[in-house]
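Peer 1: Mind folding the following:
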Amino acid sequence: MLKSEIRTLFKSERNIISDLELDQKSQLICEIAINNFNFNNKTVSIFLPIKKFKEVNTYFILNQLKKYKTANVAIPVSNFYDNSLTHFLFHDGILIEENKYGIPEPTNGNVVVKNFEFDVVFVPLLAIDYNGYRVGYGKGFYDRFMKDCKESCIFIGLNIFDDQIKIDDINEFDIPLDYCISPNHLYKFKKVETSR
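Peer 2: Next comes the predicted model:
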(Lines give C-alpha, C1' and ligand atoms only; values in the text may rest on other atoms or scores of the structure.)
Protein backbone atom coordinates (compact mmCIF):
# COMPACT_ATOMS: atom_id res chain seq x y z
CA MET A 1 0.00 0.00 0.00
CA LEU A 2 1.03 3.58 -0.54
CA LYS A 3 1.61 5.83 2.48
CA SER A 4 -1.38 8.00 1.54
CA GLU A 5 -3.64 4.93 1.51
CA ILE A 6 -2.20 3.71 4.80
CA ARG A 7 -2.80 7.09 6.44
CA THR A 8 -6.44 7.10 5.33
CA LEU A 9 -6.98 3.52 6.51
CA PHE A 10 -5.40 3.81 9.95
CA LYS A 11 -6.84 7.25 10.70
CA SER A 12 -10.30 5.80 10.14
CA GLU A 13 -9.41 2.75 12.27
CA ARG A 14 -8.33 5.03 15.10
CA ASN A 15 -11.54 7.03 14.93
CA ILE A 16 -13.62 4.06 16.04
CA ILE A 17 -11.52 3.38 19.17
CA SER A 18 -13.22 4.51 22.38
CA ASP A 19 -11.35 6.67 24.88
CA LEU A 20 -11.45 3.80 27.37
CA GLU A 21 -9.95 1.34 24.87
CA LEU A 22 -7.29 3.88 23.91
CA ASP A 23 -6.24 4.30 27.54
CA GLN A 24 -6.20 0.53 28.09
CA LYS A 25 -3.98 0.01 25.04
CA SER A 26 -1.76 2.92 26.08
CA GLN A 27 -1.28 1.46 29.56
CA LEU A 28 -0.19 -1.87 28.05
CA ILE A 29 2.28 -0.05 25.80
CA CYS A 30 3.63 1.84 28.81
CA GLU A 31 4.15 -1.38 30.77
CA ILE A 32 6.11 -2.94 27.91
CA ALA A 33 8.27 0.19 27.57
CA ILE A 34 9.09 0.45 31.26
CA ASN A 35 9.68 -3.31 31.69
CA ASN A 36 11.99 -3.70 28.68
CA PHE A 37 14.13 -0.57 28.56
CA ASN A 38 16.45 1.08 31.06
CA PHE A 39 16.07 4.86 31.23
CA ASN A 40 18.58 5.52 34.01
CA ASN A 41 21.17 8.10 32.95
CA LYS A 42 19.42 8.44 29.57
CA THR A 43 18.20 11.51 27.73
CA VAL A 44 14.74 10.68 26.39
CA SER A 45 12.47 12.40 23.85
CA ILE A 46 8.77 11.75 24.31
CA PHE A 47 5.92 13.26 22.30
CA LEU A 48 2.61 14.12 23.97
CA PRO A 49 -0.58 12.78 22.36
CA ILE A 50 -2.82 14.69 19.96
CA LYS A 51 -6.25 13.82 21.37
CA LYS A 52 -8.22 14.39 18.15
CA PHE A 53 -5.95 11.87 16.35
CA LYS A 54 -6.31 9.31 19.16
CA GLU A 55 -2.57 8.89 19.53
CA VAL A 56 -1.04 6.62 22.16
CA ASN A 57 -1.51 8.30 25.55
CA THR A 58 2.16 8.85 26.37
CA TYR A 59 1.36 10.55 29.67
CA PHE A 60 1.44 7.03 31.16
CA ILE A 61 5.08 6.68 30.05
CA LEU A 62 5.94 10.25 31.06
CA ASN A 63 4.64 9.65 34.58
CA GLN A 64 6.80 6.54 34.88
CA LEU A 65 9.86 8.35 33.50
CA LYS A 66 9.49 10.96 36.24
CA LYS A 67 10.43 8.23 38.73
CA TYR A 68 13.85 7.88 37.13
CA LYS A 69 15.83 10.48 39.04
CA THR A 70 18.76 10.30 36.63
CA ALA A 71 16.75 10.42 33.39
CA ASN A 72 16.53 13.65 31.39
CA VAL A 73 13.16 13.82 29.63
CA ALA A 74 12.45 16.35 26.87
CA ILE A 75 9.22 17.30 25.10
CA PRO A 76 9.23 18.50 21.47
CA VAL A 77 7.80 21.76 20.16
CA SER A 78 6.84 21.76 16.48
CA ASN A 79 7.88 24.49 14.07
CA PHE A 80 5.47 24.38 11.11
CA TYR A 81 7.50 26.90 9.08
CA ASP A 82 10.38 24.49 8.54
CA ASN A 83 8.83 21.24 9.90
CA SER A 84 11.44 20.95 12.64
CA LEU A 85 11.28 19.97 16.31
CA THR A 86 12.89 21.78 19.23
CA HIS A 87 13.05 19.85 22.50
CA PHE A 88 12.73 21.39 25.95
CA LEU A 89 13.77 19.68 29.15
CA PHE A 90 10.77 18.56 31.17
CA HIS A 91 10.52 19.43 34.87
CA ASP A 92 7.77 20.00 37.42
CA GLY A 93 7.41 23.68 36.58
CA ILE A 94 6.81 23.10 32.86
CA LEU A 95 3.42 24.25 31.58
CA ILE A 96 1.86 22.11 28.84
CA GLU A 97 -0.72 23.65 26.49
CA GLU A 98 -2.17 22.57 23.16
CA ASN A 99 -1.04 24.64 20.17
CA LYS A 100 -3.46 25.59 17.39
CA TYR A 101 -2.99 22.15 15.81
CA GLY A 102 -3.97 20.35 19.02
CA ILE A 103 -0.41 19.30 19.89
CA PRO A 104 0.41 19.50 23.62
CA GLU A 105 3.68 21.38 24.02
CA PRO A 106 5.69 23.10 26.77
CA THR A 107 5.04 26.85 26.76
CA ASN A 108 7.69 27.95 29.26
CA GLY A 109 10.58 25.64 28.43
CA ASN A 110 13.97 27.28 28.94
CA VAL A 111 16.48 24.43 28.55
CA VAL A 112 16.89 23.18 24.97
CA VAL A 113 18.08 19.61 24.46
CA LYS A 114 20.02 19.21 21.22
CA ASN A 115 19.17 16.41 18.78
CA PHE A 116 22.54 14.71 19.18
CA GLU A 117 22.10 14.48 22.97
CA PHE A 118 19.28 11.92 22.91
CA ASP A 119 19.76 8.29 23.89
CA VAL A 120 16.13 7.22 23.37
CA VAL A 121 13.41 8.69 21.16
CA PHE A 122 9.77 7.65 21.35
CA VAL A 123 8.33 8.09 17.86
CA PRO A 124 4.66 8.60 16.89
CA LEU A 125 3.27 6.66 13.95
CA LEU A 126 0.12 5.57 12.20
CA ALA A 127 1.49 2.24 10.95
CA ILE A 128 4.74 0.32 10.67
CA ASP A 129 6.18 -2.29 8.32
CA TYR A 130 8.20 -5.46 8.94
CA ASN A 131 11.56 -3.63 8.71
CA GLY A 132 10.75 -0.79 11.10
CA TYR A 133 9.76 1.80 8.52
CA ARG A 134 6.85 3.90 9.70
CA VAL A 135 4.05 5.94 8.24
CA GLY A 136 3.52 9.25 10.02
CA TYR A 137 1.41 12.23 9.08
CA GLY A 138 3.60 13.11 6.10
CA LYS A 139 5.29 16.34 7.26
CA GLY A 140 8.68 14.75 7.95
CA PHE A 141 9.17 16.24 11.43
CA TYR A 142 10.58 13.04 12.90
CA ASP A 143 12.69 11.98 9.92
CA ARG A 144 14.43 15.38 10.01
CA PHE A 145 14.95 15.09 13.76
CA MET A 146 16.14 11.48 13.77
CA LYS A 147 18.76 11.99 11.07
CA ASP A 148 20.53 14.42 13.44
CA CYS A 149 20.54 11.99 16.37
CA LYS A 150 23.70 10.09 17.26
CA GLU A 151 24.25 6.59 15.85
CA SER A 152 23.69 4.95 19.24
CA CYS A 153 20.30 6.59 19.78
CA ILE A 154 17.44 4.08 20.06
CA PHE A 155 14.22 4.86 18.16
CA ILE A 156 11.08 3.29 19.64
CA GLY A 157 7.79 3.58 17.77
CA LEU A 158 4.49 3.48 19.64
CA ASN A 159 1.64 1.86 17.75
CA ILE A 160 -1.92 1.61 19.02
CA PHE A 161 -2.41 -1.38 16.67
CA ASP A 162 -0.54 -4.70 16.60
CA ASP A 163 -0.56 -4.89 12.79
CA GLN A 164 2.51 -4.63 10.60
CA ILE A 165 1.92 -3.64 6.99
CA LYS A 166 3.76 -3.40 3.65
CA ILE A 167 4.73 0.10 2.56
CA ASP A 168 5.24 0.36 -1.21
CA ASP A 169 6.72 3.87 -1.39
CA ILE A 170 9.59 3.96 1.12
CA ASN A 171 12.17 6.57 0.09
CA GLU A 172 15.73 7.60 0.95
CA PHE A 173 14.52 10.08 3.60
CA ASP A 174 12.73 7.40 5.64
CA ILE A 175 14.61 6.25 8.74
CA PRO A 176 13.77 2.83 10.21
CA LEU A 177 13.05 2.37 13.90
CA ASP A 178 14.91 0.01 16.20
CA TYR A 179 11.80 -1.12 18.07
CA CYS A 180 8.04 -0.73 18.00
CA ILE A 181 5.74 -1.26 20.97
CA SER A 182 2.11 -2.16 20.43
CA PRO A 183 -0.39 -3.27 23.10
CA ASN A 184 0.59 -6.94 22.74
CA HIS A 185 4.06 -6.92 21.17
CA LEU A 186 7.57 -5.56 21.35
CA TYR A 187 9.00 -5.69 17.84
CA LYS A 188 12.76 -5.48 17.34
CA PHE A 189 13.97 -4.65 13.86
CA LYS A 190 17.25 -5.52 12.22
CA LYS A 191 18.97 -2.19 11.68
CA VAL A 192 18.86 -1.11 8.04
CA GLU A 193 21.67 1.05 6.69
CA THR A 194 20.58 4.69 6.45
CA SER A 195 22.26 7.93 5.48
CA ARG A 196 22.08 9.47 8.96
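
Peer 1: So which residues make contact with stretch 125-139?
Peer 2: 3-4, 6-7, 9-11, 14, 80, 83, 123-124, 142-143, 157-159, 161, 163-167, 170, 174, 176-180, 187, 189-190, 192 (CB atoms under 8 Å, 6 or more residues apart in numbering). (C-beta placed from N, C-alpha, C; glycine too.)

Peer 1: what's the first-to-last distance across that stretch?
Peer 2: Stretch 125-139 has its terminal residues 12 Å apart, counting by CA to CA, to the nearest Å.

Peer 1: related to what we said a few turns ago, drop anything exposed from the contacts of stretch 125-139.
Peer 2: With burial judged by 16 or more other CB atoms under 10 Å, the buried subset of the contacts of stretch 125-139 is 3, 6-7, 10, 14, 123-124, 142-143, 157-159, 161, 164-165, 167, 170, 174, 176-180, 187, 189.

Peer 1: The residues you listed in strands, which ones?
Peer 2: 123-124, 157-158, 179-180, 187 (DSSP state E).

Peer 1: Mind putting those residues into a markdown table with distance to Gly132 and pLDDT?
Peer 2: Listed next are those as a markdown table, based on distance: CB to CB, whole Å; pLDDT from 0 to 100:
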| residue | distance to Gly132 | pLDDT |
| --- | --- | --- |
| Val123 | 10 | 98 |
| Pro124 | 14 | 97 |
| Gly157 | 8 | 98 |
| Leu158 | 13 | 98 |
| Tyr179 | 8 | 98 |
| Cys180 | 7 | 98 |
| Tyr187 | 8 | 96 |
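
Peer 1: What is the nearest of the residues you listed to Cys30?
Peer 2: Leu158 (9.3 Å; CB to CB).

Peer 1: does that closest one have beta-bridge partners, and which?
Peer 2: Pro124, Ile181 (DSSP bridges).

Peer 1: Pretty sure it sits against Tyr142.
Peer 2: No. Between Leu158 and Tyr142 there is no contact under CB atoms under 8 Å: 11.8 Å.

Peer 1: one step back: tell me which of the contacts of stretch 125-139 fall in helices.
Peer 2: Applying DSSP state H to the contacts of stretch 125-139, the entries found in helices are 3-4, 6-7, 9-11, 14, 142-143.

Peer 1: what about the strands in this structure?
Peer 2: Taking DSSP E to define them, one finds strands in the chain at 43-45, 72-79, 84-89, 96-98, 104-106, 112-113, 120-124, 127-128, 134-135, 154-158, 179-182, 185-188.
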